[in-house]
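> sequence and predicted structure are below.
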Amino acid sequence: MARLSFDLQHTDISSNARAGVITTDHGSIQTPIFMPVGTVGSVKGVTQQQLVNDVQAQIILGNTYHLYLRPGTDVLEKAGGLHRFNHWNRPILTDSGGYQVFSLAGTRKIKEEGVTFQSHIDGSKHLFTPERVMDIQRSIGGDIIMAFDECPPGGSEYGYAHKSLELTHRWLDRCFEQFLSTPDKYGYTQNLFPIVQGATYKDLRKQSCDYIASKEAPGNAIGGLSVGEPEPVMYEICDWCCQHLPKEKPRYLMGVGTP
């Protein structure tokens, strides 16, 4: 069992593009990499063999919101985690489910404690707190697990984006406290990535980059992009964040659906 590591192998001076290798207990990931989405544990319409042999996927994503609702953490724990449940022996990243919860604008309520929402399956009510989301992701068993954050919509006003960012940072503190007080499951190391927010405001983005960098996590994520803002703005903010995130660590650009 070893904490995720990143070997930065090359940086292009003209564009700041990088190539490197992430190493986890389930294998290595050559970056840059496009990560297929296995929302409910597997990539739709593609067999695991095709993912390995044809797509040559090195990591897939599982969604906390969907896996929590179905099949549920009890089933996943009995199976020995998502790797054994879906017979995928390479790295898995689990997102926090925050984006799915926040996209249910008509059926959720955000508080300091967390987010109350209704299941899209049967209408039942649930509460996601930072602590609960850490526990759920532990049970799912991702090699990389994501912090619970609020994702403000594209075009958010400055005041809302600032308030949302402060909430995300408070939730991040709680995520790390819970994560560090609970053990890894299933015999391998799980790694927590914090998420940069701040909408399209560069001062807020820099503030967020500085805050999450202080957590000294093995990697960091850029969230809150491709949520309605113009595409050139997405690229500008992404580049701005990369300038202010640790150079020696991997960066995960969240929610951008094409390579």
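Perfect, I can see it now.
> residues near A19, how many?
13 (other CB atoms under 10 Å). C-beta coordinates here come from the backbone N, C-alpha and C atoms, glycine included.
> give the buried residues for stretch 32-46.
Neighbour counts over stretch 32-46 (16 or more other CB atoms under 10 Å) mark M35, P36, G38, T39, V40, G41, S42, V43 as buried.
> quick check: phi and psi on the second one?
This means P36. Here is the backbone geometry of P36 (degrees, to the nearest 10): phi -60, psi 150.
> surely it meets D54?
No - with contact defined as CB atoms under 8 Å, P36 does not count as touching D54 (11.4 Å).
> quote the end-to-end distance of stretch 84-99.
Terminal residues of stretch 84-99 lie 26 Å apart, using CA to CA, to the nearest Å.
> which regions of the stretch 51-200 of the chain lie under the pLDDT threshold?
102, 105 (pLDDT under 70).
> from the chain's centroid, how far away is stretch 19-29?
How far stretch 19-29 lies from its chain's middle: 17 Å, per CA atoms, centre = their mean, to the nearest Å.
> apologies, that question was intended for stretch 125-137.
14 Å.
> give the buried residues for it.
Within stretch 125-137, the residues scored as buried using 16+ other CB under 10 Å are H126, F128, T129, P130, E131, R132, V133, M134, I136, Q137.
> want to throw these into CSV with distance to T182 and secondary structure?
As requested, these are exported to CSV (distance: CB to CB, whole Å; DSSP: H, G, I helix; E, B strand; the rest coil):
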residue, distance to T182, secondary structure
H126, 20, strand
F128, 16, strand
T129, 14, coil
P130, 12, helix
E131, 9, helix
R132, 12, helix
V133, 12, helix
M134, 7, helix
I136, 11, helix
Q137, 10, helix
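> between those, which is nearest L225?
V133 (20.9 Å; CB to CB).
> residue contacts, the residue lying closest to that closest one once chain neighbours are set aside?
In space, and not counting its chain neighbours, V133 is closest to F148: 4.3 Å by CB to CB, 6 or more residues apart in numbering. The contact partners of F148, taken as CB atoms under 8 Å, 6 or more residues apart in numbering, are S96, G97, G98, G114, F128, T129, P130, V133, M134, W171, C175.
> list just the nearest of these to Q50.
G97 (26.6 Å).
> how many other residues sit next to that closest one?
Look at G97: counted by other CB under 10 Å, it has 23 neighbours.
> wait, it touches V133, no?
Yes - the pair G97 and V133 passes the contact test of CB under 8 Å, sitting 6.5 Å apart.
> what touches both of the two?
Shared contacts of G97 and V133, counting by CB under 8 Å, 6+ apart, come down to T64, F148.
> tell me the SS of the residue of the chain most remote from its centre?
If you look at how far each residue of the chain sits from its centre, by CA atoms, centre = their mean, the farthest one is S14, at 28.5 Å. Of the three states, S14 takes coil under DSSP: H, G, I helix; E, B strand; the rest coil.
> distance-wise, check F128 relative to Y186.
The gap separating F128 from Y186 is 22 Å, by CB to CB, to the nearest Å.
> re the thing from before, secondary structure element for the residue nearest to V133?
For F148, there is no host helix or strand (DSSP states H and E).
> I appreciate the help and will end here.
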